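A.B. asks: what's the 3D shape of this:
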Amino acid sequence: MDADIGFFRGLTLIPSLLRARKSPDGRTLEQLLPHDLYIRWLALRVKYGSGDDEHKRPMLAALDLYERALDQSGLVANETVWNAVEKAARKDHVPLQPVLLNLKVDDAKGAVRDLGKIPQDAEIACFAKTIERLETDLGPMRQRANFWSLGDIEGLRSLAYPDEEVACLNAFLAVPEFRDQYERAREQIAGLWLRAADAALENNGSSFAVLPIRLLLKEDGILNRLRAEGYAVQEPQ
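C.D. replies: Next comes the predicted model:
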């Protein structure tokens, strides 16, 4: 998904975005968080060498720490996978078909202001779930990465984990304006992808698609939607 706000309009948002990175009431993380949760965050910050600003809002402080921890644990985001696939496709002149939803943002400054409506307790829940995952899941995360590389679907399904993304998304979606836009966009982009897949399967002898494994394995994910449309899906053995 790409937000259509324009380059120059984007520049005008920078001051608002910088303000939105801070806690709305000006309090520090030590003042906002339960004491035990703050101490756990401090321990991880020291462990992973994070120099986070204590005035940063909890969701962003959690995200920054999470990214630093993954980097130091030898884990990378899925963009690395896509870059390798794209390079191979271009080398062999395989045509690429991106699926892109361009979202028109009519009131970008209003959207930034709406960030201030995220409930503080929801942000702290996101923060706490992220800390829990970093404390308990980095080892299993590496194991899941190995299962993924081997196509071991049962292994992936067997390793449950504290999903901080759900808590953080729920915090974001607590703002009605964001929730309405998100639900519309999610359905739109799923529909665009499915129509692109239909066209590829109809017109090509073989096609290759790249999606996050989470979107394939979830109950309402892409594979089950393809099954519902009558496609036969054969999982790796």
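A.B. asks: show me the shaky parts of the protein.
C.D. replies: Low-confidence segments of the chain (pLDDT under 70): 1-21, 24, 50-52, 77-78, 105-112, 162.
A.B. asks: show me where it has its helices.
C.D. replies: Taking DSSP state H as the test, the helices found in the chain are 7-20, 29-32, 35-48, 58-72, 79-91, 108-114, 120-136, 138-150, 153-158, 164-173, 176-203, 213-217, 222-228.
A.B. asks: and the ones you listed as JSON lines, adding distance to residue 235?
C.D. replies: Any C-beta I mention is one placed from the backbone N, CA and C, and that applies to glycine too. Output for those, formatted as JSON lines (distance: least, CB to CB, whole Å):
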{"stretch": "helix 7-20", "distance to residue 235": "42"}
{"stretch": "helix 29-32", "distance to residue 235": "43"}
{"stretch": "helix 35-48", "distance to residue 235": "35"}
{"stretch": "helix 58-72", "distance to residue 235": "27"}
{"stretch": "helix 79-91", "distance to residue 235": "19"}
{"stretch": "helix 108-114", "distance to residue 235": "39"}
{"stretch": "helix 120-136", "distance to residue 235": "26"}
{"stretch": "helix 138-150", "distance to residue 235": "13"}
{"stretch": "helix 153-158", "distance to residue 235": "5"}
{"stretch": "helix 164-173", "distance to residue 235": "23"}
{"stretch": "helix 176-203", "distance to residue 235": "17"}
{"stretch": "helix 213-217", "distance to residue 235": "9"}
{"stretch": "helix 222-228", "distance to residue 235": "8"}
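A.B. asks: from residue 181, how far off is the residue lying farthest from the centre of the chain?
C.D. replies: No residue in the chain sits farther from the centre than residue 205, which is 32.4 Å out by CA atoms, centre = their mean. Distance of residue 205 to residue 181, computed by CB to CB, to the nearest Å: 39 Å.
A.B. asks: count the residues that sit near residue 101.
C.D. replies: Residue 101 sits with 16 neighbouring residues when counted by other CB atoms under 10 Å.
A.B. asks: in this structure it contacts residue 192, no?
C.D. replies: Yes - in this structure, residue 101 is within contact of residue 192 by CB atoms under 8 Å, at 6.0 Å.
A.B. asks: ok, now how distant is the residue minimising distance to the centre of the chain from residue 26?
C.D. replies: Centroid check for the chain by CA atoms, centre = their mean gives residue 165 as the closest residue, at 6.8 Å. Using CB to CB, one gets 28 Å for the distance from residue 165 to residue 26.
A.B. asks: circling back: next, the contact list for the residue nearest to the centre of the chain, please.
C.D. replies: Not one residue lies near residue 165 by CB atoms under 8 Å, 6 or more residues apart in numbering.
A.B. asks: try residue 28
C.D. replies: 54, 55.
A.B. asks: any idea how far residue 22 is from it?
C.D. replies: From residue 28 across to residue 22, the span is 10 Å (CB to CB).
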